[in-house]
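Colleague: no sequence for this one, just the structure:
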């Protein structure tokens, strides 16, 4: 039953449908012409829908990390305090990014697999002179989702504090309301929940964040300079030559999302996750996140207890063509991860779980 | 005679052959697996050949500008002097990039359309405490190529000065000898002379440049951090999710280059350029670069004198499907540009020149 095209159940990139693959093979067009402008327009329209925002959404040719770097390079000033709830590998990257640009990260740490409490976060907001808060919406390394965006909005309301959200591994998988939740800057990527090819990053920026970025006394990156990005955005262009094939790809992926329907997509991912968590529990496999309400829909992380993880991953791929992922960072040997960010429906997840069960039984 | 797929004779991106387009539609693979490692290996091998280098060549998902930004973010220290011969729009960008990272650019300026003299450049090398020299090998805005790399190597020999070269619009079009010319860091992109899709940047880095980069007391970009890029390169990976479809595309383009042969490709581009320059001269059109020996092979720039440039460009595209480019930066209204960086051979250039002659006659 091995499939020719592997079924990628890793935290992205995902297995792409023929439609998206074929879209990338379209002839190259001039990136300063009308045809490109209308492509750009179409993509931005689709992105605004998934972001649930009226803000500008910028397209960067680069991975999700380039989008996060862009946030720090522009919207955090040197010497400023930025609050970063710290609970995994990607939040630690954000702390490093803040340090690199000369900002002062104020962290609220939680053990990996859990989240800092809202009380801890709000007390920093009240007591320290933070100018922004960086929220990792979904932590890919631990499989924990931060679902306190509304409470955070209330805590910072009326204060001169920007809210940044990294939805790299969650946008398009579970509902995220950029405008309703008062998120000033939201970053995501092309190759996970949005259903596109890897290589693009998308960032929505509110008016007040844009103003702060444009007034930044020292934006250090030439490539990720918001002044240039915004100026060309107004012409429906990017300042530097964009990855046209990938933009064709994401345009098609956003069209598929529109056809599937936003609510239907959210439902599909939620039901997939429920099936997977249910299976793991029925098999007695220990889920990594401590609290049920923190469990990620997009990245399912469980402990390597009672079975040989590397052998399981290899066998699942070799015999069934399904790829799941090892743990990440310091959880590399301790956990295994299942990405639930692609196009798989009930049938594919059933096939995966059936195969997984067979493999698991042979490696226990 | 309008063609369905436009013939892009702009300074990139180029019209891609079916083979390269189709390669991008291959199934997505895991970027941390063996299949990706061998793809990465193959691409680096092909790149080393075109770069004429034994140094590591890093792959960045981003435009050529991201590669140039990477050079400044890592290999130029804050407060340091960097010499930048300044003769066009892209050299001015380099000056801005140097300022952004807090370095002190020392410029030797020449009027656009010409080059600073070697004497001016060497006197700065002798008199000022510069730690690096940034050479723009081919200036896309003016159509001028810097062909004094060997002389520059002699001028900096034995000194603690790194040589950077931006070959974004020339590598794969005219010979460039990274190692022979003592170039420590050479940057290029995927969508021009290398014959690939837009969206990737490639940078070769010498041992001593790498060491300087790793010892940089403050690398500010997280995305373009040489420490991470190098560490993952050793595993044949990129630190962040790479643009896999584009890497498939450049692998195919490099294979085509290998089949065509390096010398044959250089000959083709040189002969194309000779045909185009010959035609312009026979038509009495004024070439922009002042000296014949500075004329670019990849980007042919001429003055908008005696004909209506916007009308000519539009007509050539509407009636013949051939796109040439307007001038760039402050030369926008004064010049027109022909990109000679793609797959066109003698036949296509003849077709272009015949069409161009007809259009030109009607707009004079």
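Modeller: Everything's here; your move. All of these numbers come straight from a predicted model, not from anything done at the bench.
Colleague: specify the local secondary structure of the nearest residue to residue A:171 once chain neighbours are set aside.
Modeller: Closest residue to residue A:171 apart from its sequence neighbours, by CB to CB, 6 or more residues apart in numbering or on different chains: residue A:188 at 4.1 Å. Where you see a C-beta, it was placed from the backbone N, CA and C, and this is true even at glycine. Of the three states, residue A:188 takes strand under DSSP: H, G, I helix; E, B strand; the rest coil.
Colleague: distance of residue A:188 relative to residue A:252?
Modeller: Going from residue A:188 to residue A:252 by CB to CB, to the nearest Å gives 17 Å.
Colleague: between the two, which is the more surrounded one?
Modeller: Taking other CB atoms under 10 Å in any protein chain shown, residue A:188 and residue A:252 do not tie; residue A:188 has more neighbours (29 against 22).
Colleague: what bridges to that one?
Modeller: Beta-bridge pairing of residue A:188 under DSSP bridges involves residue A:202.
Colleague: distance between the longest helix along chain A and the chain's centre?
Modeller: Secondary structure of chain A read by DSSP state H shows that its longest helix is helix A:262-282. Taking CA atoms, centre = their mean, to the nearest Å, one finds the center of helix A:262-282 at 18 Å from the center of the full chain.
Colleague: list the helices and strands it packs on?
Modeller: Applying 3 or more CB pairs under 8 Å, 6 or more residues apart in numbering or on different chains; DSSP states H and E, we find helix A:262-282 packed against strand A:299-303, helix A:346-363.
Colleague: tell me the mean pLDDT for that helix?
Modeller: Average pLDDT, helix A:262-282: 98.
Colleague: one more: stretch A:6-13?
Modeller: Mean predicted lDDT for stretch A:6-13 stands at 96.
Colleague: contact partners of it?
Modeller: Here stretch A:6-13 makes contact (CB atoms under 8 Å, 6 or more residues apart in numbering or on different chains) with A:14-15, A:140, A:169, A:189, A:191-192, A:197-198, A:298-299, A:317, A:321-325, A:337-342, A:344, A:348, A:352, B:27-31, B:241, B:244.
Colleague: in contact with residue A:109: list those residues for me.
Modeller: Neighbours of residue A:109 in contact, by CB under 8 Å, 6+ apart: A:86-87, A:116.
Colleague: filter the contacts of stretch A:6-13 to the buried ones?
Modeller: A:14-15, A:140, A:169, A:189, A:191-192, A:197-198, A:298-299, A:317, A:321-325, A:337-342, A:344, A:348, A:352, B:28-31, B:241, B:244 (16 or more other CB atoms under 10 Å in any protein chain shown).
Colleague: now intersect those residues with the strands, please.
Modeller: A:189, A:299, A:322-323, A:325, A:337-339 (DSSP state E).
Colleague: the stretch 251-364 of chain A against chain B: which residues are in contact?
Modeller: residue A:323 (CB under 8 Å from any CB of the partner chain).
Colleague: is it true that residue A:304 touches residue A:333?
Modeller: Yes - here residue A:304 reaches residue A:333: they are 7.0 Å apart, a contact under CB atoms under 8 Å.
Colleague: ok, these two, which is more surrounded?
Modeller: residue A:304 (20 against 11).
Colleague: and the residue lying closest to residue A:120 once chain neighbours are set aside, how far from residue A:133?
Modeller: Using CB to CB, 6+ apart and skipping residues adjacent in sequence, the residue nearest residue A:120 is residue A:108, 4.7 Å away. Taking CB to CB as the measure, residue A:108 falls 10 Å from residue A:133.
Colleague: neighbour count winner among those two?
Modeller: Comparing residue A:108 with residue A:133 by neighbour count (other CB under 10 Å), the higher total belongs to residue A:133, at 25 against 21.
Colleague: in three-state terms, label the more buried one for me.
Modeller: strand.
Colleague: sticking with the closest residue to it other than its chain neighbours, tell me its helix or strand.
Modeller: For residue A:133, ignoring the flanking residues on the chain, the nearest one in space by CB to CB, 6+ apart is residue A:83 at 4.5 Å. Using DSSP states H and E, residue A:83 sits within strand A:81-86.
Colleague: next, the buried residues of the helix or strand just after that strand.
Modeller: Using DSSP H and E, the helix or strand that follows strand A:81-86 in sequence is helix A:89-100. Using 16+ other CB under 10 Å as the test for burial, helix A:89-100 gives A:89-95, A:97-98, A:100.
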